[in-house]
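J.: quick check, what structure comes out for this input:
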Amino acid sequence: KSRRRMLTPTFHFAMLDGYVEKMDKHAQVLVDVLKDKVGQELDIFPYVKRCALDIICDTAMGTELDSQHDPNHPYVRAVGQFNELAREHSLTWYYWLPIVWYFTKRTEETRLLDILTGFTKKVIADRISKHQSGELQFEDKKGKRKAFLDMLIEMKKENSLTDDDIREEVDTF
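T.: Take a look at the predicted model:
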């Protein structure tokens, strides 16, 4: 509850408005990618999903994933596979039995979670290192909005967040 209270100001509408430029940039990439598909029948969902993932990675982690041009990136594939695994779990009643899940899908779930959390941990370590070296500053440049991860790193010093606390928040976002 105290963590939620601490993070609530980061989601004020005025703060979110600062991310419009980043969202627009990734939406423009989507438009450019889809220009090559004009006249073709296609399922737009994978394209929109990758655009959303690029927006989330940029705004939440300050990281350019570029999944719209690289759909085979290990993190992109792991997100898709984990979503499919979650869907399968929710729709298949016998997977609700922990023993069945454990002996059939647990290994795949663990492998995917390792990829997802490994990526997030690497990004967090990289951002912390860049802040410590002075390559990134905590202060906002005029008109430039900090990534959610940068705000969490800043709060780490003030509110005794651990790296795992930060990872949990970024993964949840």
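J.: center of this structure, which residue is that?
T.: By Cα atoms, centre = their mean, the chain has its centre lying nearest to residue 57, at 4.3 Å.
J.: which of the three states applies to that one?
T.: helix (DSSP: H, G, I helix; E, B strand; the rest coil).
J.: that one and residue 68 touch, don't they?
T.: No - Residue 57 lies out of contact with residue 68 (Cβ atoms under 8 Å); the separation is 11.2 Å. The way it works is simple: take the backbone N, C-alpha and C, and place the C-beta from them, glycine included.
J.: any idea of the mean pLDDT for whichever strand or helix holds residue 155?
T.: Residue 155 is part of helix 148-159, with elements assigned from DSSP states H and E. Average pLDDT, helix 148-159: 82.
J.: from the contact counts, what lies against that helix?
T.: Judged by 3 or more Cβ pairs under 8 Å, 6 or more residues apart in numbering; DSSP states H and E, the packing partners of helix 148-159 are helix 2-7, helix 106-133, helix 163-172.
J.: show me where pLDDT drops low in the chain?
T.: Along the chain, segments meeting pLDDT under 70 span 1-15, 137-145.
J.: swap in 90 and give it another go.
T.: Within the chain, the ranges that satisfy pLDDT under 90 run 1-19, 59-60, 62, 130-173.
J.: quick check: the gap between the residue in the chain sticking out farthest from the centre and residue 93.
T.: Note on the chain: the largest C-alpha distance from the chain mean falls to residue 39, namely 31.9 Å (Cα atoms, centre = their mean). As for residue 39, its distance to residue 93 is 43 Å (criterion: Cβ to Cβ, to the nearest Å).
J.: returning to what we had before: for the residue nearest to the centre of the chain, give its distance to residue 148.
T.: Distance from residue 57 to residue 148, by Cβ to Cβ: 10 Å.
J.: now do residue 82
T.: 20 Å.
J.: equivalent analysis for residue 66, please.
T.: From residue 66 to residue 148 the distance is 19 Å (Cβ to Cβ).
J.: more neighbours, those two?
T.: For the pair residue 66 and residue 148, the greater number of neighbours falls to residue 148 (22 against 17), based on other Cβ atoms under 10 Å.
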